[in-house]
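1. here is my input, please return the structure:
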Amino acid sequence: MRQEGQQKLTVVPLVFREACDFVTRMHRHHQKPPHHRFSIGVIDEAGVLRGVAVADRPVARMIDQKFTLEVTRLATDGCPNACSHLYAAVAKAAKAMGFKKVITYILESEAGTSLKAVGWVPVAKTSGGSWSRGSRPRIDKHPLEPKVRWERDLLQ
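-> Model prediction:
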């Protein structure tokens, strides 16, 4: 049930450019992603885009690339419940497409409240750090703190 003053949110499909533009404007610590399998958004009752989710193959090569989908970016303008709506919608779409699992990573310093609210569970913690290596130097433009991998099993 919606609480007093709470926006009604509707899930909408997005083209990649729309999602990237929103991520560029709103994401706290990441740039737009390089590609996607699909992107979705949530709009409010006035039709204003309040958040986006970008889903793609898992970034980590050792994770199943065929039946696992990763939310590589999620950004909102702070609209209440937009994150939960997006995570739930990605899981629903992924299940309909035949994926077995969806995953995402959040910073260790983030609580994961939106993920918990829609049935995702924390399953692993990365050591964090830089992606730069001697053989392939990179400039880090993202936080280097450890991250927590959350997942939602779509077979249940």
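2. helix or strand next in line after the lowest-mean-pLDDT helix or strand in the chain, which one?
-> Within the chain, no helix or strand scores below helix 16-26, which has a mean of 92 by mean pLDDT, DSSP states H and E. Sequence-wise, the next helix or strand downstream of helix 16-26 (DSSP states H and E) is strand 38-43.
3. can I get the very next helix or strand once past that following strand in PDB? Just the C-alpha atoms.
-> Following strand 38-43 in sequence order, the next helix or strand is strand 49-56 (DSSP H and E). What follows is strand 49-56, C-alpha atoms only, in PDB (Å, rounded to 0.1, in the frame of the first residue of the first chain):
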ATOM      1  CA  LEU A  49      12.200   9.700 -15.300                       C
ATOM      2  CA  ARG A  50      13.200   9.100 -11.600                       C
ATOM      3  CA  GLY A  51      15.700   6.200 -12.000                       C
ATOM      4  CA  VAL A  52      17.400   3.700 -14.300                       C
ATOM      5  CA  ALA A  53      18.900   0.300 -14.200                       C
ATOM      6  CA  VAL A  54      21.300  -1.100 -16.800                       C
ATOM      7  CA  ALA A  55      21.600  -4.900 -17.100                       C
ATOM      8  CA  ASP A  56      24.400  -6.700 -18.800                       C
END
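4. hmm, back to that, could you dump the least confident helix or strand of the chain to CSV, C-alpha only?
-> Only the C-alpha atoms of helix 16-26 are listed here, as CSV (Å, rounded to 0.1, in the frame of the first residue of the first chain):
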residue,chain,number,x,y,z
PHE,A,16,20.8,2.7,-24.0
ARG,A,17,21.5,6.4,-24.6
GLU,A,18,18.7,7.4,-22.3
ALA,A,19,20.0,5.2,-19.5
CYS,A,20,23.6,6.4,-20.1
ASP,A,21,22.5,10.1,-20.0
PHE,A,22,20.7,9.5,-16.7
VAL,A,23,23.7,7.6,-15.2
THR,A,24,26.1,10.4,-16.3
ARG,A,25,23.9,13.0,-14.5
MET,A,26,22.9,11.1,-11.4
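5. show me what that helix is packed up against.
-> Packing partners of helix 16-26 (3 or more CB pairs under 8 Å, 6 or more residues apart in numbering; DSSP states H and E): strand 38-43, strand 49-56, strand 68-76. Where C-beta positions appear, they are placed from N, C-alpha and C, glycine not excepted.
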